[in-house]
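Asker: Any chance you can model this:
(2 chains)
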Amino acid sequence: MRWGVALNVRDRIAETLRKAEIADNGGIDQIWVTDFPAIRYAPIVAAAIAERTVSCRIGVGLMSPLLYSSSLIVQFMTTLVDTYGERFDLLLGPGDRHALANVGVSHSAKLMVDRTTQALEEIKLGISKAGHRCSVLLGAQGPVMIKASLNADGILLNYSDLEMVEWGIEQIKSDISDTFQLGVFPPTFIGDCQDIESNIGISLSAAMVAIGMSKAVRKRFGLGERIDAARELLKNRGQIDAEIVKSLNKETLQRFAFCGTIDQLVEYMKALEELGVTSTVFGPPQGTRKSGVDDLVIAKSAFDMT
Amino acid sequence: MSDSYRVSIGITTHMGVSATRWIAQNSDSLGARSIWVGEDIALGQETFVLTAATLLQSKEVRVGTGIIPVTVHNISTLARAAVTLDEIGAGRFVYGLGIGGIQDLEKYGIRIEKPVTELRKSVKTLRKLWAGEVVDARSENISLQGFSLHQGDPLDIPIFLGVRGPQMLKMTGQIADGAILSGPFEYLRYAIKMVNDAAEQAGRNKDDVEKVIWVPTIPTFKGIKEKVARKVVALVIADTPEPVLDMLAVDREKVNRVRETVAASSPKEGAELIDDELLDVFSISGTKEHMVDRFEDVADIGATEVVIGPPFSGDWREALEEIFAEVDSRRGVS
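Answerer: Modelled structure (predicted):
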């Protein structure tokens, strides 16, 4: 099982680099550098992390082909590899529709998916032509994107619930090769999670993922009514807030995020492994605190000893 | 002899990683004021990563983009990339922006009706975002609605504009921290005066606007072949706008023959028509002594910084060292 942590959410670069060094020294396998709507441009942060770390792989993304052209994405991935060696992977996905609309990138959900799957092919070809070995993964939730990941080197499913993860894997299990990376990328908080709704960091992250869930998956898991109501609320309020979090309720939020103690995380990772998951990226808010990265290092050490 | 100008190095995204790394790592010991990163759109290294690597691989030199076309990136990306580079550079980063070459933009299906307005709006929008404002902005190329960088402390990132025409030069004098200029000597004299006059008319001090001169510099004394120099100059002549050519005292028929030959066949064929006069008008080439003489000439008309390279060919590393040493020796620096 490959352990990864997502950095570069709101931090200044110096803070991101400090956490990257802790993760690298602590045996975390991969650092993922998030991009838009994060403020700092991920390829630049990835270069800075490569200068400061030794062993870890560095993932760039999620990068949206709606915001960046395929040729630009190929160009920065090849530049990173040429400059710092074969340490880089790429995560593609349509991106946050609401945030993209604020910067003038506004398309239908179908077009966003079509553009992303087309870009996946162009980018894989471009990187291959450059003679590099970056893995290109697809961030996915719904059946269309999950199927599209068969053209990628792997997938990162954006939820935590074991039943949902199993369902996601079932969609492609019979068609994937041994080298295909089956991964999950859930919002994560290691700590006291008696009441997820009152923990602003994890509940907002979980709500964001839940609200972006495709219609087919909402329906499949009986979440349609509740998430539809939250989406309507979002239209009126403009951004995800405590009211929207409350409307989703504890049970729904927990399906989209991991929130628990180190011991619970170790058990959760074992369960993921049994499902065939080969890689887990711990999403925000876990990497937003230095102590969060410390906790991940401790958890990985505990997991390795089991 | 002029002490009033600084000497810098220009690199482009089309150069290899080993060459750009060498320049970054040796810029401080050479005594370079800046490294300017030119973007050959969609060619070679990605411009933001190359600029970041150059900052990370150097310690004191200023690193600037020279230039990034505002038309090929989303304005939010331009703003975010600059914030990131500014943090990495800790005060060493400067943002060179421009509208982009018309032919390059057409190749990418980009057409801007009012380039001066667009560039002005881009600069204004970037500064608002860096100041921490929530921005609504619209133009031919910009569409922001309630967008913010969630910037706590306001950032003051210097903006240099790579410009050519009179309206662009005027705007640069009015709003920019520096101008990046390229062209024959007579054009440079005109451009610097335009920028200075516009700065003063806007109530600024002309010295508040740096004037960076980046023309082809071709040190033929260290293995770089003269035919390389002549080919580069043929390309430059082909790309020089008519109004700029009109300012020059060179034989216009000779210039036109070069332009026609480059257009009809190739720069290599055009190179055959480049004589010593054209070489001297459109580039700074020759021995190190002659090159530094020319640096001093442009400093005398108001340039604050002269950029060396590209092309980098022959023993270019030694050539760079000798040119910087020549500048130092004239200033009595051992």
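Asker: part of a helix, is B:Gly152?
Answerer: No - read with DSSP: H, G, I helix; E, B strand; the rest coil, B:Gly152 is coil and lies in no helix.
Asker: Look up the closest residue to it, ignoring the ones flanking it.
Answerer: Nearest residue to B:Gly152 in three dimensions, chain neighbours excluded: B:Gly132, at 7.0 Å (CB to CB, 6 or more residues apart in numbering or on different chains). Where you see a C-beta, it was placed from the backbone N, CA and C, and this is true even at glycine.
Asker: Could you list which residues are in contact with residue 125?
Answerer: As the question left the chain open, I've gone with chain A. Not one residue lies near A:Leu125 by CB atoms under 8 Å, 6 or more residues apart in numbering or on different chains.
Asker: try again with chain B
Answerer: Listed by CB under 8 Å, 6+ apart, the contact partners of B:Thr125 are B:75, B:79, B:135, B:137, B:142, B:144.
Asker: so how far is chain A from it?
Answerer: As judged by CB to the nearest CB, to the nearest Å, B:Thr125 and chain A stand 11 Å apart.
Asker: What helix or strand is residue 77 located in?
Answerer: If you meant another chain, say so; for now it's chain A. Counting by DSSP states H and E, the element that carries A:Met77 is helix A:70-84.
Asker: was after chain B, sorry
Answerer: helix B:75-89.
Asker: can you check A:Ile28 too?
Answerer: Going by DSSP H and E, A:Ile28 is not in any helix or strand.
Asker: distance of B:Ala81 from B:Leu50?
Answerer: Distance, B:Ala81 to B:Leu50, using CB to CB, to the nearest Å: 12 Å.
Asker: any common contacting residues for those two?
Answerer: With CB under 8 Å, 6+ apart, B:Ala81 and B:Leu50 have no common neighbours.
Asker: Who has more neighbours out of the two?
Answerer: B:Leu50 (29 against 23; other CB atoms under 10 Å in any protein chain shown).
Asker: picking up where we left off before, which residues does whatever helix or strand comes next after the helix holding B:Thr77 contact?
Answerer: Sequence-wise, the next helix or strand downstream of helix B:75-89 (DSSP H and E) is strand B:93-98. Contact with strand B:93-98 is made by B:34, B:36, B:51, B:55, B:62-70, B:78, B:82, B:85-86, B:119, B:122-123, B:126, B:157-163, B:177-178, B:180, as judged by CB under 8 Å, 6+ apart.
Asker: in its sheet, what does strand B:93-98 sit against?
Answerer: strand B:62-65 (parallel), strand B:68-69 (parallel), strand B:159-162 (parallel) (DSSP bridges).
Asker: quick one: the next helix or strand along the chain from the last one to chain centroid distance?
Answerer: It stands for strand B:159-162. Downstream of strand B:159-162, the first helix or strand assigned by DSSP H and E is helix B:166-175. With CA atoms, centre = their mean, to the nearest Å as the basis, helix B:166-175 stands 16 Å off its chain's centre.
Asker: okay, the angle between helix B:166-175 and strand B:93-98?
Answerer: The directions of helix B:166-175 and strand B:93-98 differ by 150 degrees, with axes from the mean of the first three to the mean of the last three CA atoms, to 10 degrees as the criterion.
Asker: Tell me which other helices or strands helix B:166-175 touches.
Answerer: helix B:115-130, strand B:159-162, strand B:178-181, helix B:185-201 (3 or more CB pairs under 8 Å, 6 or more residues apart in numbering or on different chains; DSSP states H and E).
Asker: sorry, back to before: next, format the strands paired with strand B:93-98 as a markdown table and append distance to A:Thr306 and mean neighbour count.
Answerer: Shown next, in a markdown table, are the strands paired with strand B:93-98 (distance: least, CB to CB, whole Å; neighbours: other CB atoms under 10 Å in any protein chain shown):
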| stretch | distance to A:Thr306 | mean neighbour count |
| --- | --- | --- |
| strand B:62-65 | 48 | 26 |
| strand B:68-69 | 50 | 24 |
| strand B:159-162 | 55 | 26 |
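Asker: Out of those strands, name the one with the poorest average pLDDT.
Answerer: Ranked by mean pLDDT, these bottom out at strand B:68-69, which scores a mean of 93.
Asker: what sits up against it?
Answerer: Residues outside strand B:68-69 that contact it (CB under 8 Å, 6+ apart) are B:39, B:41, B:47, B:78, B:95-101, B:104-105.
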